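Q: All I have is the shape, not the residue letters:
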DNA sequence: CCATTCCTATGCATCCCTGCATAGTTCTGG
DNA sequence: CCAGAACTATGCAGGGATGCATAGGAATGG
């Protein structure tokens, strides 16, 4: 005796929010922008997100984190020389195709300041999850246990940093060079010689 | 036959803007915030910065870039095992003492979106300058020429990325671990054995 | 001491954003 | 077909933010 809720529109709003977070950051993303870009009306927002702006932003960060976590785990079987360039390629393509405006939404959430503590918290958890995933992957690829976590931390830091620098310079080289260096480094740390783990 | 201009107050406004950029990003830093924190009045802002908000933000980024460039060149004679931890230490201390709210203002400018193109441009130039400075330093420290630029790019990326991750997680470990890894890496690339360059 | 210039204080117009309320519209189950 | 639920459209109040204008205070050269 009632109309069914339509999750598609909510998803579109969340997705649009994620895109705007990447381009304008947390403070720069307004509900009016989202409404305009998603083709929704202001009234809808408070229907789908009773918690207002904070809930909308938090959901967008959650969506982004889940997506990238999935992408990371999907690469778990690939050797460094394939996995690392693939990860970097995701960022490079999105950055370049957006005209060097779209970065990592999780970084945006991390730097969003105290205005959105939930988004910030989610970003912190995301980095922890990703570090754990990369750590496990390195172990699988023959890197000694005592080196995996520290290397994972370096990989994530370097990639996120290279995306920022690439965006600022409107160039893909920083990302590509970092990928090369990281491949070289991880290969040198493998117990098994490169190629044996394929 | 006139009163002399007082650059001290302008400098204080620029400095306050720089601090707010670190904590709240470009979009999150308003002129009213700056005025309140710097103890100035709104009227003063348009006296010192006829270009309005954009000019104020751009000057703050310029100040930050100059300061960090100076800091980098001051370390030019130190070996990796001292220079890298010192650089990271600057970020760690400021992040920790701010209650994990203050990051790198140049990163903030880089991610500020299209709203402040001048600040973004300055950030891109800053990364180029810093890459050149680190490249020269690596050469001085005995790293082969064909490796210096790529390694410099990795150093900057990793450090900037580690600051972001540390802020998000309210932990200093990401920065400290990255410093250790980078020292280890650079030492392994030196032609001269560690210690000989002192 | 006084005119000129630097700087400050304050107010206004305009616009934007958020959050909420309210009325209307669409869809579904019985 | 129609009652009720999901959803949309729009308007309003409150609060800020920006940019500008204008009037007043402070310091300095003559």
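A: All right, it came through fine. Note that the structure is a prediction, hence the values are computed from the model and not measured.
Q: Just the buried positions in the helix or strand where residue A:168 lies, please.
A: Assigned by DSSP states H and E, residue A:168 belongs to helix A:145-169. Residues A:147-169 are the ones in helix A:145-169 that count as buried (16 or more other Cβ atoms under 10 Å in any protein chain shown). Heads up, the C-betas are built off the backbone N, CA and C, glycines and all.
Q: which secondary structure elements does it contact?
A: If contacts are counted by 3 or more Cβ pairs under 8 Å, 6 or more residues apart in numbering or on different chains; DSSP states H and E, helix A:145-169 sits against helix A:80-97, helix A:105-110, helix A:117-140, helix A:173-189, helix B:105-110, helix B:117-140, helix B:145-169, helix B:173-189.
Q: With respect to DNA strand C, which of those lies nearest?
A: helix A:117-140 (12.4 Å; Cβ to the nearest atom of the strand).
Q: hmm, that closest one in reach of DNA strand C?
A: No. Helix A:117-140 does not reach DNA strand C (Cβ under 7 Å from any atom of the strand); its nearest approach is 12.4 Å.
Q: now that helix against helix A:80-97, angle please.
A: Counting by axes from the mean of the first three to the mean of the last three Cα atoms, to 10 degrees, helix A:117-140 points 150 degrees away from the direction of helix A:80-97.
Q: and helix A:117-140, which residues are buried?
A: Buried-residue list, helix A:117-140, by 16+ other Cβ under 10 Å: A:118-127, A:129-131, A:133-135, A:137-138.
Q: What mean pLDDT does it get?
A: On average, the pLDDT along helix A:117-140 is 97.
Q: From the contact counts, what lies against it?
A: With contacts taken as 3+ Cβ pairs under 8 Å, 6+ apart, helix A:117-140 sits against helix A:53-74, helix A:105-110, helix A:145-169, helix B:145-169.
Q: The first one close to DNA strand C?
A: Yes. Using Cβ under 7 Å from any atom of the strand as the criterion, contacts between helix A:53-74 and DNA strand C involve A:53-54.
Q: How about the second one?
A: No. For helix A:105-110 and DNA strand C, the contact criterion (Cβ under 7 Å from any atom of the strand) is not met; the two come no nearer than 14.6 Å.
Q: mind listing what the residue of chain A found nearest DNA strand D touches?
A: Nearest residue of chain A to DNA strand D (Cβ to the nearest atom of the strand) works out as residue A:43 at 2.4 Å. Residues near residue A:43 by Cβ atoms under 8 Å, 6 or more residues apart in numbering or on different chains: none.
Q: starting at the chain centroid, how far to the helix holding residue A:168?
A: From the chain centre to the centre of helix A:145-169 is a distance of 12 Å (Cα atoms, centre = their mean, to the nearest Å).
Q: and the angle from it to helix B:117-140?
A: Using the same axes, to 10 degrees: helix A:145-169 against helix B:117-140 is 130 degrees.
Q: average pLDDT for helix A:145-169?
A: For helix A:145-169, the per-residue pLDDT averages 98.
Q: hang on, residue A:129 packs against residue A:69?
A: Yes. At 5.9 Å, residue A:129 and residue A:69 qualify as touching, with contact defined as Cβ atoms under 8 Å.
Q: which residues of chain A score low on pLDDT?
A: Scanning chain A for pLDDT under 70 picks out the ranges A:1-5, A:192-198.
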